[in-house]
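**Student:** Only the shape, not the letters, is given here:
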């Protein structure tokens, strides 16, 4: 069964509309999912980065107070800094617990283990220097500060900075992945649009072939009838609009053939 020309002309439009609706729905769902996943990942990454940076900053502040306490000889200074050191230590412990709970990646766990070892070495060196100072041996305390405490501080802060850098790299990687995912969506849409354009080109070529060819045949048939060829064959097997024109031409040809036959018959009767 042949489709009508109207149906053929409507089919590409309906197909494109359906494809566009499907693409719009797919892209909308995909983009929504990407945004949600990216938001969760970014919040988690930014939270880890903030905690890591805060942890290092508070540690550095406490280290400065400890060094000042070890190098100073004024008991009033020690008494003034002790509450600040205790408060900062409590905040560090709270952040450290949060950081430890959020660290699920092997690289993060390895970095935290390194920080814990450096912290242990720093605390041991600090306590040794504090004991020497408490015993009244200021020279020994200063020697321990230079030989043990300061190198331990440098190593401890370096391990914390390495963890901050790790979280900064993770945050940048999350942003890059989010951008790459959205770019893949853009390329997907462009690919679908390219396929639609290619489909339109193929559909147009097929429509031109299906319509223009039979129309040219109808023109040729009409021209031959106009030239007096009433024996020209006219195909009448199509069921579309072109078939209706073919049947109309065939009826016109038969009608003209009948008229010509009557005229000839009348002319012959007059001659007789």
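**Tutor:** Looks like it came in fine. Bear in mind the structure is a predicted one, so any value in this text is a computation, not a measurement. Residues are numbered from 1 along each chain as shown.

**Student:** longest single helix anywhere in this structure?
**Tutor:** For the chain, the helix reaching the highest residue count under DSSP state H is reported as helix 150-226.

**Student:** And that one, what does it pack against?
**Tutor:** Where contact means 3 or more Cβ pairs under 8 Å, 6 or more residues apart in numbering; DSSP states H and E, helix 150-226 is packed against helix 5-71, helix 106-134, helix 241-271. To be clear about C-beta, it is placed using only N, CA and C from the backbone, and glycine gets the same treatment.

**Student:** in the last one, what counts as buried?
**Tutor:** I take that to be helix 241-271. Across helix 241-271, burial judged by 16 or more other Cβ atoms under 10 Å covers 242-243, 245-246, 249-250, 253.

**Student:** any idea of the mean pLDDT for the longest helix of the chain?
**Tutor:** Per-region confidence: helix 150-226 scores 88 on mean pLDDT.

**Student:** Where does residue 82 fall, secondary structure wise?
**Tutor:** Element membership of residue 82, judged by DSSP states H and E, is helix 75-102.

**Student:** circling back to that earlier point, tilt between the longest helix of the chain and helix 106-134?
**Tutor:** Angle, helix 150-226 to helix 106-134, by axes from the mean of the first three to the mean of the last three Cα atoms, to 10 degrees: 160 degrees.

**Student:** what's the angle between helix 150-226 and helix 75-102?
**Tutor:** Taking the same axes, to 10 degrees, one finds helix 150-226 and helix 75-102 inclined to each other by 40 degrees.

**Student:** tell me how far helix 150-226 is from the chain's mean position?
**Tutor:** Put simply, helix 150-226 sits 11 Å off its chain's centre (Cα atoms, centre = their mean, to the nearest Å).

**Student:** Give me the angle between that helix and helix 5-71.
**Tutor:** 170 degrees.

**Student:** Indicate which one of the helices and strands packed on helix 150-226 is closest to residue 140.
**Tutor:** Across the helices and strands packed on helix 150-226, residue 140 has its closest neighbour in helix 106-134 (4.1 Å, Cβ to Cβ).

**Student:** sorry, back to before: would you mind finding the most buried of the helices and strands packed on helix 150-226?
**Tutor:** When those are scored by mean count of other Cβ atoms under 10 Å, the highest mean neighbour count falls to helix 106-134 (a mean of 16).
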